[in-house]
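>>> predicted model and sequence follow; I will ask about them next.
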Amino acid sequence: MALLEIDAIHVFYDKIEALKGISLAVEQRQIVTLVGGNGAGKSTTLRAVSGLLHPRQGTIRFDGRDLAGLGAHDIAATGLVQVPEGRRIFGRLTVAENLEMGAFTRRDRHAVAEDRDRMMRLFPRLRERLKQVAGTLSGGEQQMLATARALMARPRLLLMDEPSMGLAPMLVEQVFETIRTINAQGVTILLVEQNAPAALGIADHGYVLESGRIVLSGAGRELLDDERVRRAYLG
Amino acid sequence: MARMGAVDVALWGMRIGVVLVVVVGTIGTLIKGRYTAAQWFDFVMFGLTIGSIYAQIALGYTMVYGVLRLINFAHGDIVMTGAFAGYFVAAPLDRSGFLQNHPVPGMVAILVVAIATSTTIALLTERIAYRPFRRVVGLAPLICAIGVSFFLEQTFRGAFGSAVKSYPSPEWQRASFNVIGFNVPGIDVLVIGLALLFMLVLYLVVQRTRMGKAMRAVAEDGEAAALMGIDVNKVVVFTFTLGGVMAGIAGVFYAFVYKQVYFFMGFTPGIKAFGAAVLGGIGSIPGAMLGGFFLGLVESVGPSLFLDGIGIPAPYQLRDLIAFTLLIMVLIFRPQGILGERMAKKRA
Ligand SMILES: Nc1ncnc2c1ncn2[C@@H]1O[C@H](COP(=O)(O)OP(=O)(O)O)[C@@H](O)[C@H]1O
Ligand SMILES: [Mg+2]
């Protein structure tokens, strides 16, 4: 059984149908990516999984459990955590407080402290900035913080919405490297990207989304080599 | 150079007019020298006292606005409910002589009942009236809040009558100290001291505790907070609780200072404290505290300082005029307040 199973969901904004029956599965320990152009419905998919939007039809199961009717905070507490598009760190809170908010649902203080140390090793830049207000961080540092904040929840599945957006090319490479590292440490990842080549390059499995429908899916490498994908996204 | 429209001319006229009144009035007053140092000191003391009360009420407005982007129009009436509840404890305690002989347990009892009442009503209001409107955009939530305000006022009027009841004023409240020649009323020291203490506690709660941090996170980005597992409803309840507690304390103090309670008593301090919150920058906690003290000082010192000099008789009766002029000026010329950002700039 897959860790995350999305089965034929339809999501609406008022009368506009943004997702027209999407199904996808994320297996334990995989990196799965959902690529597609602007407005394809990638963020809508992740928002539905996180409980910020509710599908009108279809089901979303996490670890076998139907998520229908759960609030966003309940879903986060089950170990399904999202790094939202645009990072959405708490700019007026300090870096340390942002990390604390990531661990909001956890009561195991010692393990939380250990995880914080782990984050400092993964993102040494954040260590120097712990007491700083997060709004003063650079874009790259904010992405690190958003990722670290989500990891503080000890997620079993991490949803990432365009983590490379707006970053300089050198930093983009780092972001994908980090995703690989996190995955190697046992976290399953569903990655949404417009940067299809980079995402498909590290993914075990990929889905191509277009106007609210999945038009292609396959192993990451296969899609990279697929003629249609090349034409549409790789130029 | 851009040409100025009629509105700009009027606005500049207002600015210049107010500045003229302030400058000419102040100079005139000081030259006349009608007031003694002791009188100025009294004005300042009273300004700080009433300002500390505005500050506590303003905190309720600013925190709720920060978390929900809602102007809780009924907050002044929540203050009134606290004052009333305190009255029903204070009156019998005063009659029996207990409040006179045991001021500390007496005051604690009054405050506890007032806080419990105003907090309960604040939470009921949130649950029944505001939560169903949470996702509604437009004016409906504000209109609902205004409805709650009327509801509370008329309910208290129906239950306890529209007459003004005089608040107990035990002997010790009239005690005063002599500090380097100035007369310092004991009640002022008590009100300011406790207000500062409670506000410090509130500040630490918001800065240091898990829920306090969650509240600040929700104020910035409720959705991101929910994605971190923060239950926004719990944070909202927490916020209304803090506001309700401060409102209960403020209600008792306000009633002790003005020595009366009645169903409409929350309206004026409510509006003023809302103005103080805007003055300080709505959403900002230090801003609300500063704004409250500043407004209190201006309305207490201002009439005599600004108006006496331009020959207005009995200026002390024009306190509300000064207070509301200040608030209107702030809304026109600096709607983001002293420490705040613009209301309209906030994320929808
Ligand atoms: N809040 C919203 N209200 C109405 N339509 C929306 C809203 N958010 C997104 N949409 C529409 O839904 C579609 C999918 O959007 P989105 O999921 O954000 O795309 P992507 O993340 O792939 O760029 C787009 O056509 C977009 O215009
Ligand atoms: Mg998107």
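Looks like it came in fine. Ligands and ions are numbered 1, 2, ... in the order given.
>>> what sits against the residue nearest the centre of chain B?
Nearest residue to the geometric centre of chain B (Cα atoms, centre = their mean): residue B:54, 2.7 Å. Taking Cβ atoms under 8 Å, 6 or more residues apart in numbering or on different chains, we find residue B:54 in contact with B:269, B:272-273, B:276, B:291-293, B:295-296. The way it works is simple: take the backbone N, C-alpha and C, and place the C-beta from them, glycine included.
>>> out of those, list just those in helices.
B:269, B:272-273, B:276, B:291-293, B:295-296 (DSSP state H).
>>> and which of these is nearest chain A?
Within those, the smallest distance to chain A is 18.9 Å, found for residue B:291 (Cβ to the nearest Cβ).
>>> for the closest one, which non-adjacent residue is closest in space?
The shortest distance from residue B:291 to any non-neighbouring residue, by Cβ to Cβ, 6 or more residues apart in numbering or on different chains, is to residue B:280 (3.0 Å).
>>> tally of neighbours for that neighbour?
Using other Cβ atoms under 10 Å in any protein chain shown, residue B:280 has 29 other residues around it.
>>> that one and ligand 2, how far apart?
Distance of residue B:280 to ligand 2, given as Cβ to the ion, to the nearest Å: 37 Å.
>>> model confidence score at that residue, please.
The model reports residue B:280 with a pLDDT of 90.
>>> likewise for residue B:1?
50.
>>> likewise for residue B:108?
Looking at residue B:108, the pLDDT reads 94.
>>> C-terminal to the strand or helix carrying it, what's the next element?
Using DSSP states H and E, residue B:108 sits in helix B:103-125. Per DSSP H and E, helix B:103-125 leads on to helix B:140-160 as the next helix or strand towards the C-terminus.
>>> wait, residue B:296 sits on residue B:49?
Yes: using Cβ atoms under 8 Å, residue B:296 is in contact with residue B:49, at 7.3 Å.
>>> buried stuff in the worst-scoring helix or strand of chain A on mean pLDDT?
Least confident helix or strand, chain A: helix A:227-229 with a mean of 76, by mean pLDDT, DSSP states H and E. Buried residues in helix A:227-229, counted by 16 or more other Cβ atoms under 10 Å in any protein chain shown: residue A:229.
>>> what's the answer for stretch A:175-184, then?
A:175-176, A:178-179, A:182-183.
>>> near ligand 1, from those?
Among these, no residue lies close to ligand 1 (Cβ under 6 Å from any ligand atom).
>>> show me which of those is closest to chain B.
residue A:182 (17.2 Å).
>>> and that closest one, what does it touch?
Neighbours of residue A:182 in contact, by Cβ under 8 Å, 6+ apart: A:122, A:147, A:151, A:158, A:189.
>>> and the spatially closest residue to the third one that is not a sequence neighbour, how far is that from residue B:222?
Counting by Cβ to Cβ, 6+ apart, residue A:151 lies nearest to residue A:119, which is 6.4 Å off, once chain neighbours are set aside. For residue A:119, the distance to residue B:222 under the criterion Cβ to Cβ, to the nearest Å works out to 24 Å.
>>> likewise for residue B:136?
15 Å.
>>> and residue B:114, by the same measure?
31 Å.
>>> more crowded one of the two?
Legend: neighbour count by other Cβ under 10 Å for residue B:114 and residue B:222, higher for residue B:114 (30 against 20).
>>> tell me how many other residues surround residue B:237.
Neighbours around residue B:237, by other Cβ under 10 Å: 16.
>>> tell me the residues of chain A that contact chain B?
A:50-52, A:71-73, A:76-77, A:81-82, A:84, A:88-93, A:97, A:100-102, A:104-105, A:149-150, A:153 (Cβ under 8 Å from any Cβ of the partner chain).
>>> next one: the residue nearest to residue B:333 when sequence neighbours are not counted from residue B:294, what distance?
Residue nearest to residue B:333 in three dimensions, not counting chain neighbours: residue B:15, with 7.0 Å by Cβ to Cβ, 6+ apart. Distance of residue B:15 to residue B:294, given as Cβ to Cβ: 19 Å.
>>> tell me what the helix holding residue B:108 is packed against?
helix B:75-95, helix B:98-101, helix B:232-258 (3 or more Cβ pairs under 8 Å, 6 or more residues apart in numbering or on different chains; DSSP states H and E).
>>> quick one, grab the pLDDT at residue A:17.
Value for residue A:17, per-residue pLDDT: 95.
>>> in a strand, it, correct?
Yes: counting by DSSP: H, G, I helix; E, B strand; the rest coil, residue A:17 falls inside a strand.
>>> that one: what's it in contact with?
A:10-11, A:212.
>>> most neighbours among these, which one?
residue A:11 (23 neighbours).
>>> what helix or strand is that residue on?
Judged by DSSP H and E, residue A:11 forms part of strand A:4-13.
>>> distance from that strand to the middle of the chain?
With Cα atoms, centre = their mean, to the nearest Å as the basis, strand A:4-13 stands 16 Å off its chain's centre.
>>> for it, buried residues please.
Those buried within strand A:4-13 under the rule 16+ other Cβ under 10 Å are A:4-7, A:9-12.
>>> do you know how far the spatially most central residue of chain A is from residue A:193?
Geometric centre of chain A, nearest residue: residue A:160, 1.5 Å, by Cα atoms, centre = their mean. Residue A:160 sits 8 Å away from residue A:193, going by Cβ to Cβ.
>>> now the longest helix anywhere in chain A: mean pLDDT?
Counting by DSSP H, the longest helix found in chain A is helix A:169-184. Averaged over helix A:169-184, pLDDT sits at 93.
>>> that one: what's the following helix or strand?
With DSSP H and E, the next secondary element past helix A:169-184 is strand A:188-193.
>>> residues contacting residue 68?
All of this refers to chain A. A:54-55, A:59-60.
>>> if you could check chain B rather than the one you did, that'd help
Residue B:68 neighbours (Cβ under 8 Å, 6+ apart): B:130, B:134, B:236, B:239.
>>> tell me the contacts of the last one?
Think residue B:239. By Cβ under 8 Å, 6+ apart, the neighbours of residue B:239 are B:63-64, B:66-68, B:215.
>>> residues from the stretch 101-250 of chain B in reach of chain A?
Residues of the stretch 101-250 of chain B lying near chain A (Cβ under 8 Å from any Cβ): B:210, B:213-214, B:216-217, B:220-221, B:223-232.
>>> which among the residues you listed count as buried?
Applying 16+ other Cβ under 10 Å to these flags B:213-214, B:216-217, B:220-221, B:223-232 as buried.
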